[in-house]
Structure formats: C-alpha cells, structure tokens
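[1] my questions concern the predicted model and sequence given below.
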Amino acid sequence: MKWDGRTRCALVCLGFTALFSVFSFRLVYLQMVRHDYYAGLAAGKNVAKQPIYAERGAIYDTNNEVLAQNVPVETVVADATLVNNRKALIPLLADALKLRPNEIAEKISGDRRFIVLKRGFPEEQALSLGKKLDDNKLRGIHFDRDIVRRYPNGPMLCHVIGFSDFDHRGIQGVEASMDEYLRGQDGYRFIERDRTGKEIVLYRGQERAPRNGYQVHLTIDLNLQNIVENELDAAMREFTPKKATIILMRPQTGEILAMANRPNFDLNLRSEAKPEEMKNRAIIDMMEPGSTFKIVTAGAALNEHKVGLDTIINCENGPWSYGGRLLHDHRYFGEISVQDVLVKSSNIGAAKIALMLGEQKFYQYIRSFGFGDRTGIELPGEIGGMVHAPQAWSKISITRIPMGHEVGVTPLQMIMAMATVANGGKLIAPRIVKSITSEEGTVISSLKPTVVRQVISEETASRLTLALRGVVSDRGTAAGAAVPGFTISGKTGTAQKVDPNGGYEKGKEVVSFTGFLPSEHPAFVGLVVLDEAHTKTAEENYGGKVAGPIFARVAEKAARYLDLEPHEELGKQETAGRVALTNADR
C-alpha cells in the first residue's frame, strides 16, 4: 500500500469514525441499557423523599381549654458531602445552636448526608441562622419543618395527659392511650436539592398531603383540677407525705372531673423528671384501703337483708378473739347499731357483719364492687389490685378483709365503690375521654356512660347514704370533712402499710377519706389519700383528721365553682334524715 497523503487522510478518517462509533455505542449503552441504574444514582444524590408530618391532634378539657398543643419548629440538618467551609461553619453553628464546637465537628467530619444537629429549633432563630449562612456563602445546612409538643399548664395534669417522644408517638397518659387518634397519617413529597443543599421548588415531584390527628376532649374540668392541685400542694407542705392522690368524679356518669398525684413533674421538662415522679398513682398504686372498705361490708349485708341499720352488734367493749387472734377497735365499743359501726368505724362490728354474710357471699360482693379487676379507664398502666378467692383465705381473713386488710386496691377502684353508693347502687365504668373530633369539629366518637352492673339495690344505696352522713358529724370519725350548708356522706380510712417482710410497718399509715355531696343528689364524689403523712402526734394521723379536712376544702371550693346551692336549714334536714332512716329500717 502506497503511503501517501490520500492514504493518511483515509486512515485518519477511519480512526475518527471508529472513535466516534465507540462513543456512540457507549452513549447508547449508558442512556438505554443502563439508564435506570444511573437515573437511580442521580435521584439518590439529588432527589429525596421528604416526609410531611401530620400535625398531632390537640388535647382539651371539658370546657375546650387547651391541655396539649403543637408549636412549629425547625430541625437543623447537615449534609456533610455539601459542606464547603468547615472552619467557618463550625463556630457559627456552635454559637447559634448552643452546642460545643467539637461536637459539631465530629458530626460533620464524615460523608453522611443526613445529620441531625438540633431538634426543636425555634422558627425565628432558624430564619436568622439561614441568613447568616447565606451571607457567608456557607453550604451543607438545611432546615426541615417540624413541630414540638407543648403543655400550657406545665405540671398540672401531668399524669393524665402524658407526653410524646421525638417521633411524635404517645408515651404516657392520654397521649399514649389515644395515640391512634392523635397521631394522624403522615404524607410525603419528592424534592430535589441543588449543590448547596437547598430545595429546587420548581422540580418538586409527587406529593401526598398528610391527614392531621383528631382532637381529644377529656372529661377533666381544668377549674376543678386547679382546685385539687392547689389543695394537694398545701397538703404536701403541711404533712410532707411520701405520696398523695386526690380524685373527683361524677358518680352518675363515671366522668373523672379531676385527678392529681404527688410527686409530679413538668411535662415541658420531662427529661429532668425522676421515674417516681412520673407514676400515675391513682391507677397503678396498690394499697390496703382500711376502713373505707367497710362500705362494701355494710352494703353487702344490707343488700342481702342480713342486717338493718338499726341491728345491734356486740363490739365486745374491748379486744375480740377470733381464730386464735385478737381484733382491736381504735376505742372500746359495747353494743352499737350497724349504722354506728360505720359512723364510729368499728373493726369488730364490721367483722361480725361479714361473718353473717359468709365467705363466699362476701367475696362475690367484693368482686361485684369492682375490686380485683381493672376499671378500663382510658389511661395506660392500670392494675387490677389484689383480691384472693375464699379458698386462699386464712381462718381470720373473714374478720380482717371487712376492715380493709388483706386486699389491695387502687385509689380509682376505691372512689368507684363510693360512687356506686352515691348513684343508687350501679357500678359505672370510669371515663376520662369525653369525645374525639376532627379539626373541623366533626364528632368521630362520643363516649357514653356505661353501667357495668347493679351492685346493690337503690334502696340499699339510699340507706347506706343516710348512714354515712353520720360519719361526717360530731358523732363520727370525720367531723373535719363537713362543709357548711351541705350534707355529706363519706367514710374514713386508716391502714398500716404492709411490711414486705411480713406483717405491718409500725408508724407508717395510709390515711384516706372518700365521700360525696350533697348526699341527696350528689354532684361529685371525691377521694383523698396520703401515704405516710407526718403529724405532730400519732393520735392525729387518722383519715378523719388528715384526709377529711383536705376533702372539705376541696369540696367547698368545688361546690362554689359548680354553683351548688347550700341548704338554708340544714339542721331540720338532718332531723328529717334521721327520721327517714328510722322509718326505712322498720
């Protein structure tokens, strides 16, 4: 072959043809054969699926006062692959986010693309930081819109409301039990960012809008809750108990009007709370109820017609031996009526009444009053207490259980038992959620009162109510629980604390009072419980002297708030009540 200019030109053209053919084949390969693969890589680098969080539903009290709400904030996120000037970026972020420079340096030193630097960053501060980043031409930082849960009343109702975590999931209280309704359904959008990490809004892709959470309305009345919380704080200052609980309830419907425990914590500062402060003791603490349990004993015997209120019981005028063990009263009683067994809180009298019933029948009434079962209230963590079947009773159990020993109850169960007396003998399921609505106000669910069972007859409940009025009198154990102008039916309780090693701890008592007013048509029933209250003398550490006066202060303020009309001639009504009581037993 002659190597001349024409040949060289042909070879060069052939070479270029071959080269462009290779490029063409490569382009075809990349754009057609490997298109999906490389498109995925490009999308993974520049396109992201951004969640659009549903706004968590608010929580309200019965008067639509806000108890839990959302506050818009920003989450500060770094993309280490886009950071262009670490030396300038670190001190600027450290100052704005109130973080240590070495902490920020460690987070953005790698090649991770999504690094959360700060959650719950206020919107106005985020705008200021964004402007500083733009002014200094610093890249790699962007902001994701978020919300943070805020509780306007701080520690008030902390055990009832509960709280949610960083992922907006309910952890405790109503936030947890109603999480399915409060959470809503998140949406999403596909976004594309430029090389500085900012979204290119024009390239925004597929989007699904979120469905915000429903609103939960509680039966709690914030005004009554405030009364309860203030009186509970006063009791803590006066008696410095280890624990304390107060509950107010509407007996006809089972609605919880107020519920508070001590110790407590601030919902907005929950990271600082101790585990003991976060327990809702109204539903998870088990205690021996003491003499408040005598309403079960008397109610069962009256309902079975084993006794009447005027039936005389010999209380032995001193210790009484049964099953080889002595049983004592807090003072000596001789022959007294069943009514006075309640009024004067005789242990021996209660034991003898239970013996008339018999073990099996007494046990049936204990369970019928709701003890040994969870109430089903819309709060997490509730326990059912402890009630042993008669087969597990000792020889003396039939004489100890009637006075509130050898059983474990929660404060909520105890107030339910008193509510059963107050509402005519019906066990009503307690409720703390009133309704669930959409943002627009459409009712999704409205919870109605539920009658679990008729425990005692209406006539028995009426007799018991009249007898319990004597407890809150000069003759009874709770004169200090009286509220001027109102009739009150109630019962005191003083129980020694059980020693984990057996027996009871000397000098450590749980004192309580539960009652309702007005006796004739109860507007509410209340319970006060103090664990290890400190009094000047041991003789003062009784339910009637410690818990009773606290109940009186709560009840008086609650009656005033509820605009209950006091009796102008209470003395005449008391006389009429005693006559009615006598006639009822004939």
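    That came in fine, so what should we check first?
[2] distance of the nearest residue to I115 once chain neighbours are set aside from D111?
    Once flanking residues are discounted, I115 sits nearest to A78: 4.4 Å by C-beta to C-beta, 6 or more residues apart in numbering. Backbone N, C-alpha and C define where each C-beta goes, glycine included. Note on A78: its distance to D111, by C-beta to C-beta, to the nearest Å, is 12 Å.
[3] so between those two, which is more surrounded?
    Each of A78 and D111 has its neighbours counted (other C-beta atoms under 10 Å); A78 has more, 23 against 9.
[4] that older thread, ok, the residue nearest to I115 touching D144?
    No. In this structure, A78 is not within contact of D144 by C-beta atoms under 8 Å, at 11.4 Å.
[5] so what sits against both of these two?
    By C-beta atoms under 8 Å, 6 or more residues apart in numbering, A78 and D144 have no common neighbours.
[6] the closest residue to Y504 other than its chain neighbours pairs with what?
    In this structure, Y504 finds its nearest non-sequential neighbour in Q496, 3.9 Å apart by C-beta to C-beta, 6+ apart. Beta bridges link Q496 to E509, judged by DSSP bridges.
[7] contact partners for Q496?
    Contacts of Q496 (C-beta under 8 Å, 6+ apart): 288, 504-506, 508-509.
[8] check which helix or strand Q125 maps to.
    helix 123-135 (DSSP states H and E).
[9] would you mark the buried spots in that helix?
    The neighbour-count check on helix 123-135 (16 or more other C-beta atoms under 10 Å) flags 126, 129-130, 133 as buried.
[10] returning to what we had before: neighbour-wise, which of the contacts of Q496 leads?
    Within the contacts of Q496, E509 tops the neighbour count with 24 neighbours, counted by other C-beta under 10 Å.
[11] do you know how far K506 is from R325?
    Distance of K506 to R325, computed by C-beta to C-beta: 18 Å.
[12] check E505 too.
    E505 sits 19 Å away from R325, going by C-beta to C-beta.
[13] quick one: contacts for the closest residue to G162 other than its chain neighbours?
    Among residues not flanking G162 along the chain, G173 sits closest, at 2.2 Å (C-beta to C-beta, 6+ apart). By C-beta under 8 Å, 6+ apart, the contact list for G173 reads 158-163, 280, 379-380.
[14] how does it look with 7 Å?
    159-162, 379 (C-beta atoms under 7 Å, 6 or more residues apart in numbering).
[15] give the contact list for L257.
    For L257, the contacting residues are 219-221, 224, 248-250, 524, by C-beta under 7 Å, 6+ apart.
[16] any weak-confidence spans in the stretch 201-350 of the chain?
    Along the stretch 201-350 of the chain, segments meeting pLDDT under 70 span 201-207.
[17] just the helices in it please.
    Applying DSSP state H, counting those that start in this stretch to the stretch 201-350 of the chain gives helices spanning 222-239, 281-284, 294-303, 338-343, 347-357.
[18] need these in TSV with distance to T535 and mean neighbour count, can you?
    As requested, these are exported to TSV (distance: least, C-beta to C-beta, whole Å; neighbours: other C-beta atoms under 10 Å):
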stretch	distance to T535	mean neighbour count
helix 222-239	7	19
helix 281-284	21	23
helix 294-303	23	27
helix 338-343	23	26
helix 347-357	21	24
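[19] make sure L11 is indeed in a helix.
    Yes. Applying DSSP: H, G, I helix; E, B strand; the rest coil, one finds L11 inside a helix.
[20] low-confidence ranges in the stretch 451-586 of the chain?
    Along the stretch 451-586 of the chain, segments meeting pLDDT under 70 span 568-586.
[21] can you do 90?
    Confidence mapping of the stretch 451-586 of the chain against pLDDT under 90 gives the ranges 496-508, 536-541, 566-586.
[22] returning to that earlier point: from the rest of the structure, what touches the helix holding Q125?
    Here helix 123-135 has contacts from 72-74, 92, 96, 141, 143, using C-beta under 7 Å, 6+ apart.
[23] one more time with 6 Å
    Surrounding helix 123-135, the residues in contact under the criterion C-beta atoms under 6 Å, 6 or more residues apart in numbering are 72, 74, 96, 141, 143.
[24] same thing with stretch 211-228?
    54-62, 65, 157, 178, 181-185, 246, 248, 255-258, 260, 431-432, 434-439, 444, 554, 557-558, 561.
[25] just stretch 549-567 next, same as before
    Outside stretch 549-567, the residues that touch it by C-beta under 6 Å, 6+ apart are 223-224, 227, 231, 235, 480-481, 483, 485-486, 513, 517, 523, 526, 528, 573.
[26] how many neighbours does A478 have?
    Considering only other C-beta under 10 Å, A478 is surrounded by 28 other residues.
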